[in-house]
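>>> Build me a structure from this.
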Amino acid sequence: MDKLRIDKWLWAARFYKTRSLACDEIVKGRVQVNEQDVKPARELKAGDVVQLRQGAVTRTVTVLALSDQRGPAPVAQTLYAETEASIAQRTEAAELRRMGTEPALTLQHGRPTKRDRRELQHQWDERWSASIK
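Residues are numbered from 1 along each chain as shown. From the prediction side, this is the model:
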C-alpha cells in the first residue's frame, strides 16, 4: 500500500474515534499535511508530516506506515512518530493546565448557607417588594 486517504489514516492511527469525525476536523481546517490545508480524500504517503489540532494543542507527527484498519493502540502508535517540539509543547500545555487556578478557590465563602440565603431573600424583599405599604 503506497498511498491512503488521510481520513482513513487518522482514524486507523486513533487520532479520531470515527472517520466522520476525522473528516469534520479536516474540513474545518484543523489538519494540514506538509503545511498545506487538505481535503479528506487527500492521499497520504510515508514520510509526510501531518499537523493536527486536538483541543488547544497542535500535534505534529511524521507518517511512518500506512494502515486502513483500526487496530489496538500499541499498533496504531507504530504508524507515526511525534516530533520533539510537539511533545514538548504538549507537556508544557499539560503543566499549564495542571498549575492553573482552581475556579472554586476564587469564591470567597463557597456555597451560601441556609442563613445566608435567608438574608439574601430578606434584602430582596425589602428592595423589590411589589406590595403597597
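
>>> any low-confidence regions in the chain?
Scanning the chain for pLDDT under 70 picks out 102-109, 123-133.

>>> Helices of that one, start to end?
Ranges of helices in the chain, per DSSP state H, are 6-12, 19-27, 73-76, 84-99, 114-128.

>>> looking at these, which is closest to Val50?
When these are compared by CB to CB, helix 6-12 sits nearest Val50, at 7.5 Å. For glycine as for every other residue, the C-beta is placed from the backbone atoms N, C-alpha and C.

>>> Report the central residue of this structure.
Centroid-nearest residue in the chain: Gly55, 2.4 Å away (criterion: CA atoms, centre = their mean).

>>> how close does it get to Ala46?
For Gly55, the distance to Ala46 equals 27 Å [CB to CB, to the nearest Å].

>>> same check, this time on Arg98
35 Å.

>>> Give me the more crowded residue out of the two.
Ala46 (14 against 7; other CB atoms under 10 Å).

>>> Ramachandran coordinates for that one?
For Ala46, the backbone dihedrals (degrees, to the nearest 10) come out as phi -60, psi 140.

>>> Looking at strand pairing, list the partners for the residue lying closest to it once chain neighbours are set aside.
Nearest non-adjacent residue to Ala46, counting by CB to CB, 6 or more residues apart in numbering: Val63, 5.4 Å away. Val63 forms beta bridges with Tyr80, as assigned by DSSP bridges.

>>> Can you get me a residue count around Val63?
Residues near Val63, counting by other CB under 10 Å, number 20.

>>> for the one 10 residues further on, same thing?
Using other CB under 10 Å, Ala73 has 8 neighbouring residues.

>>> residue contacts, it?
Arg14 (CB atoms under 8 Å, 6 or more residues apart in numbering).

>>> And the nearest residue to Arg5 once chain neighbours are set aside, how far from Arg59?
Sequence neighbours aside, Ala41 is the residue nearest to Arg5 in space, at 5.7 Å (criterion: CB to CB, 6+ apart). Distance of Ala41 to Arg59, computed by CB to CB: 22 Å.
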